[in-house]
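*Asks:* need a structure here:
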Amino acid sequence: MPDLLDTVQWPAFAASVAAAWLVAANSPARRNAGFWVFLSSNVLWVAWGLHTGAMALIALQVCLAALNIRGLFKTEAKK
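*Replies:* The predicted structure follows:
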């Protein structure tokens, strides 16, 4: 299991880059999707941080997740 958790940083990295790309899009739907991808990257980074004992990384990801949740509410389609 530790070997699998060591590799979690790479999907977390890829998700973070993809999310940043999506959040910068002109389309509100793509921006919204970007925040969801960012949230998935937050979960992956926390898993890797727990595995490696990187408490500052975990704290950062919790704070960033809160900002991403805020972003979701701000990009939510108006009904």
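
*Asks:* switch to C-alpha atoms for all contacts and neighbour counts from now on
*Replies:* OK.

*Asks:* Residue 19 against residue 30, yeah?
*Replies:* No. Between residue 19 and residue 30 there is no contact under Cα atoms under 8 Å: 9.3 Å.

*Asks:* Look at those two and report which has more neighbours.
*Replies:* Neighbour totals were compared for residue 19 and residue 30, and residue 19 leads with 23 against 17 (other Cα atoms under 10 Å).

*Asks:* what are the ranges of the helices in the chain?
*Replies:* Assigned by DSSP state H, the helices in the chain fall at 2-6, 9-23, 28-52, 55-75.

*Asks:* who does the third one touch, helix- and strand-wise?
*Replies:* Packed against helix 28-52, as judged by 3 or more Cα pairs under 8 Å, 6 or more residues apart in numbering; DSSP states H and E, are the following elements: helix 2-6, helix 9-23, helix 55-75.

*Asks:* Can you name the residues in contact with stretch 4-11?
*Replies:* 41, 44-45, 47-48, 51 (Cα atoms under 8 Å, 6 or more residues apart in numbering).

*Asks:* now do stretch 62-76
*Replies:* 28-29, 31-32, 35-36, 38-39, 42.

*Asks:* low-confidence ranges in the protein?
*Replies:* 1-2, 77-79 (pLDDT under 70).
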